[in-house]
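[1] Make a model of this:
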Amino acid sequence: MAEEELVLITDASPRRFASIREMRNRTILVFRHGCAYRARFEEWLRHEGVVPDKIIEFGTLDGIVGCVAAGLGISLLPRSVAEKHANDHQIRQYGIPERFGKVETVFIYRKDDYIATPLRKLIDMIQDESSAT
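    I've put the predicted structure just below:
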């Protein structure tokens, strides 16, 4: 299990915002239902009384980030994903209220089944990262 910090991402334009309520008319770019990031984003929006005009679903992170960078909408993604694109000035990232800013990612696999070497290395890396924090 790993904990990820979530951030709001917008296009890289110089305008800034002070509240999610300012995003009422923006399109929300998310993964399909069942995604923890989407669930947390929708929970935050409900809490703030924001009903998005339009929601567009994607199947990839690259699709979401690319469309956010193009100014087609906003999204909520892990800081680890957003940071590289923000450093490249493709998008802006904003911290969100702590109550909505963390999500636990759980990796489930069968211990009694064959595990390929790349998958084993990924599992070890995740376990090392979680024990370091």
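
[2] partners of the biggest strand by length in the chain in the sheet?
    Ordering each strand of the chain by length in residues (DSSP state E) puts strand 2-11 first. Sheet pairing for strand 2-11, assigned by DSSP bridges, gives strand 75-78 (antiparallel), strand 91-95 (antiparallel), strand 102-105 (antiparallel).

[3] To residue 16, which of those strands lies closest?
    strand 91-95 (7.8 Å; Cβ to Cβ). (Each C-beta comes from the backbone N, C-alpha and C, glycine too.)

[4] Least confident of the strands paired with strand 2-11, on average?
    Mean pLDDT per stretch puts strand 102-105 lowest among these, at a mean of 82.

[5] Could you pull up the residues touching residue 26?
    10, 52-53, 73-74 (Cβ atoms under 8 Å, 6 or more residues apart in numbering).

[6] swap the cut-off to 6 Å and go again
    73-74 (Cβ atoms under 6 Å, 6 or more residues apart in numbering).

[7] How much space separates the spatially most central residue of the chain from residue 119?
    Nearest residue to the geometric centre of the chain (Cα atoms, centre = their mean): residue 77, 1.4 Å. From residue 77 across to residue 119, the span is 24 Å (Cβ to Cβ, to the nearest Å).

[8] returning to what we had before: residue 18 is nearest to which of the strands paired with strand 2-11?
    Using Cβ to Cβ, the nearest of those to residue 18 is strand 91-95, at 9.8 Å.
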